[in-house]
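Asker: no FASTA, just this:
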């Protein structure tokens, strides 16, 4: 049996088919990251949407939701900004969109930074002035103040870095800021894992689990940042001309 003739490009149909399959597989892997990030943020986004629905429909004020109706502007600002930040920020991890859609990346980046700052600052404001949940103590308040302040600082540093055209530091600071913003999703997972072993978390245990969610995200973020830095160094070494 004779093999099919090569095309004008010099590649056989089998080679073209293999390249096409590899491209499809690469595209599929490219979208796994934003899909995973949006999935992780689905629970807090759904909870926030339910809360917005209560405001929109004028739900009956009860002992459980009275504190939300006491300061609706801050609650709405936090829910909307966090939702925009986590969803839009997830697509910033797609290399193809950064390379081929530079204009889109810049516009989406500005919206992401702005929504992230609103989320961080509104979270700090709610921590300081919002009626506390029964059982929330100094520890959980401290966690919220520390991580909320860090998120705002990281986003400002990331924006300042890109203004200097420092892409490496810009990417690193934005990954750290996004990791904190995505904390509610990881916190939901941590509580879900804890429940079969310790039941409903309260007091200090609840505070530690919430802190663990943010800490896990930051550890993963640092691993990603350092891994990318190692790849960059390796790439420079491999492409360096031999003297």
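Answerer: Great, that's in hand. Bear in mind that the values here come from a model prediction, so they are computed numbers and not experimental data. Numbering: from 1, shown residues only.
Asker: so for the lengthiest helix in the chain, mean pLDDT?
Answerer: In the chain, taking DSSP state H as the definition, the longest helix is helix 203-239. Helix 203-239 shows a mean pLDDT of 83.
Asker: I'd like to know which elements it is packed against.
Answerer: helix 138-163, helix 167-181, helix 183-198 (3 or more C-beta pairs under 8 Å, 6 or more residues apart in numbering; DSSP states H and E). In short, each C-beta sits where N, CA and C put it, glycine included.
Asker: how about those helices in CSV, adding mean neighbour count, mean pLDDT and distance to residue 115?
Answerer: What follows is those, written out as CSV (neighbours: other C-beta atoms under 10 Å; pLDDT from 0 to 100; distance: least, C-beta to C-beta, whole Å):
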stretch, mean neighbour count, mean pLDDT, distance to residue 115
helix 138-163, 18, 96, 10
helix 167-181, 22, 95, 9
helix 183-198, 16, 92, 15
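Asker: reformat those helices as CSV; add distance to residue 112.
Answerer: Output for the helices and strands packed on helix 203-239, formatted as CSV (distance: least, C-beta to C-beta, whole Å):
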stretch, distance to residue 112
helix 138-163, 9
helix 167-181, 8
helix 183-198, 16
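Asker: residue 125 is nearest to which of the ones you listed?
Answerer: For residue 125, the closest of the helices and strands packed on helix 203-239 is helix 138-163, at 9.2 Å, according to C-beta to C-beta.
Asker: next, the angle from that closest one to helix 167-181.
Answerer: 150 degrees (axes from the mean of the first three to the mean of the last three C-alpha atoms, to 10 degrees).
Asker: what is helix 138-163 packed up against?
Answerer: Helix 138-163 packs on helix 102-129, helix 167-181, helix 203-239, going by 3+ C-beta pairs under 8 Å, 6+ apart.
Asker: returning to what we had before: quick one, the longest helix of the chain and helix 138-163 angle?
Answerer: Using the same axes, to 10 degrees: helix 203-239 against helix 138-163 is 20 degrees.
Asker: between helix 183-198 and helix 203-239, find me the angle.
Answerer: Using the same axes, to 10 degrees: helix 203-239 against helix 183-198 is 120 degrees.
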